[in-house]
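Trainee: Could you work out the structure for the sequence below:
(chains A, B and C)
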Amino acid sequence: MELGYDKTSIPSIFAYSQKLIGHSLRELVSEEEQVSTNLQGQGKGGLGQMIEELFFHYPINSDPGPDFREAGMDLKATGLKKLMSGELQIKERLVCDMIDYEKVVDESFETSLFYMKCHIMLLIFYLYEKGVSKWDLRYIFTVIWKLPEKDLLIIKHDFETIVEKIRHGEAHLLSEGDTVYLAACRKGQKGEKDRKQPYSDTLAPRRAFSLKPAYMRTVLEYVKAQGKSAVSNMEMELPSEGIVTTDQLREHSFEDIIIERFRPFFGHSYLEICDTLGLVPSKSKSRLAIIANVIAAHGSQYRQQNNVENSEEFKKSGIRLKTITSFSNGRVKEDTSFENIDYEEIFDEEEWLDSRLYEIFTSRFLFVQFQQPEGETQKDFDLNKLKLKRVFFWTMPPEDIETAKAYWQNIRQHVLKNEIEPKYFWNKAMHRKFHVRPKGRNAADLVINPNGGKVRKYCYWFNAEYVTNLIDNYSRH
DNA sequence: GCATGATCATGC
DNA sequence: GCATGATCATGC
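Mentor: Next up, the predicted model:
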């Protein structure tokens, strides 16, 4: 059969893929084929396979390699959702390749199946609509995404972190927050049995290598910025401004580079650090977060004109820098707040693993702790005098993610019943690690309630007690 | 002393 | 104008 493209050529496959844009498979596939195919377009998964077989007419093979074998490129269909504002957003992480616990421990990154399949991908973005058959989903963008060299250095380190954990018999303890761009995400049928892992008798849920939602968001941003519906990053230089360089990443991991930047400042107070960096001290409640971001981005090399917020790497990784303040005895002073609860998101998203809260709580965290000087009492507490005490990357352990799921279910259940008041949610006095509390400009600051009308803004919090405990756990090893 | 609700400076 | 990253103020 005449294919209509050259299956050995990436540009040719890319050009052909553009015929998808603005259309659905129902419009593009002959009725005869729609009837005769075994692919029914129901259930989860399989959209990529339908596109490959019915649109590209590429003979499906069961090879472990990339979908377009001759071109060395994999095909990925991935969803976008449209907000009320009309803005398109990433629906989920990009699942790349199932992790074979038995085999992956014998692979190196460069020879791994993941690398072979995914270092160049044809990304086909479709508009996700609830309840719509795969035959009727519309395609919006097609993108050739070759992982840039700088990203690959971070991804290689992530890959090794994941494989190392499996080699230690800890496949059951893998978490998306263990790594920076590439993550081991949960993947498998609901209720399916856990699998064997090679270096432990404990069974582990199935997982896949995936690019984090934060990473995919920056891919989408890049695509939107090009102003075209078909984009290939192989044709042009990607802007690669960030807080670390490719050369630095060849020598050290991203995390080591960042931690190292804080080293000259341990034991120094806020005012001393401002003085060293040539910064005018701020009166902001978030003054410590401001200098922590400066140090993470530039260390003692900081110069006034440097850009600080939203570095490329922090955006792509979704790493959350959080400052912690503690009394001289080490007890954490404040609860840690996150973003406001998006009631519409809570209302619409039924899956915990796809929820915003899951993404936030399974982020990689960078905790920067400032502590009161020795000998001071609680009454003396003064942000300007706190000294840099500890800096560490952290991710939430599996048992706490289970607690977070119950926390999310409680919130969701009440939002669905239009019970959006503090008395319905977990409060701090329950001592259940997390709580819900107001956060707005002031008491009159309201947002849309999916049940109708407007409601007060509340947000997700870690209890200070929980943060004290996680620091104690960190300090013990 | 602590939990709860309220509010602030900053940057885009 | 609003989200972010926080701390402050009050009352029991």
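Trainee: drop to CA atoms for contacts and neighbour counts, all remaining ones
Mentor: Will do.
Trainee: Can you give the domain ranges for chain A?
Mentor: A:10-232, A:242-315, A:318-477 (automatic domain parsing).
Trainee: what about A:His172, which SS state?
Mentor: Three-state assignment for A:His172 (DSSP: H, G, I helix; E, B strand; the rest coil): helix.
Trainee: How about the secondary structure of A:Met121?
Mentor: strand.
Trainee: roughly how far apart are it and DNA strand B?
Mentor: Distance, A:Met121 to DNA strand B, by CA to the nearest atom of the strand, to the nearest Å: 30 Å.
Trainee: Is that residue bridged to anything, and to what?
Mentor: Judged by DSSP bridges, the bridge partners of A:Met121 are A:Asp74, A:Trp145.
Trainee: What separation is there between it and DNA strand C?
Mentor: 29 Å.
Trainee: Hmm, that residue is touching A:Tyr115, no?
Mentor: No - in this structure A:Met121 lies outside contact range of A:Tyr115 using CA atoms under 8 Å: 10.7 Å.
Trainee: intersection of neighbour lists for the two?
Mentor: With contacts defined as CA atoms under 8 Å, 6 or more residues apart in numbering, no residue is shared by A:Met121 and A:Tyr115.
Trainee: which residues touch A:Tyr424?
Mentor: So A:Tyr424 contacts A:His414 (CA under 8 Å, 6+ apart).
Trainee: cool, A:Phe370 as well?
Mentor: A:323-326, A:386-390.
Trainee: Quick one: buried ones out of the residues you listed?
Mentor: A:323-326, A:386-390 (16 or more other CA atoms under 10 Å).
Trainee: give me the number of residues near the residue of the stretch 351-477 of chain A found nearest DNA strand C?
Mentor: At 4.6 Å from DNA strand C, A:Lys439 is the closest residue in the stretch 351-477 of chain A, using CA to the nearest atom of the strand. Neighbourhood size, A:Lys439 [other CA atoms under 10 Å]: 18.
Trainee: ok, which of the buried ones among the contacts of A:Phe370 also contact DNA strand C?
Mentor: A:323-325 (CA under 7 Å from any atom of the strand).
Trainee: Would you format the residues you listed as TSV with pLDDT, distance to DNA strand B and secondary structure included?
Mentor: What follows is these, written out as TSV (pLDDT from 0 to 100; distance: CA to the nearest atom of the strand, whole Å; DSSP: H, G, I helix; E, B strand; the rest coil):
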residue	pLDDT	distance to DNA strand B	secondary structure
A:Thr323	97	14	strand
A:Ile324	97	15	strand
A:Thr325	97	14	strand
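Trainee: hang on, the earlier thing: pLDDT score for the residue of the stretch 351-477 of chain A closest to DNA strand C?
Mentor: On the pLDDT scale, A:Lys439 is placed at 92.
Trainee: Against DNA strand B, how distant is it?
Mentor: A:Lys439 is 4 Å from DNA strand B, by CA to the nearest atom of the strand.
Trainee: Now do the contacts for that residue.
Mentor: A:340, A:457-459.
Trainee: A:Gly169 too?
Mentor: A:197-200.
Trainee: Can you flag the buried ones in these?
Mentor: The neighbour count (16+ other CA under 10 Å) marks A:197-199 as buried among the contacts of A:Gly169.
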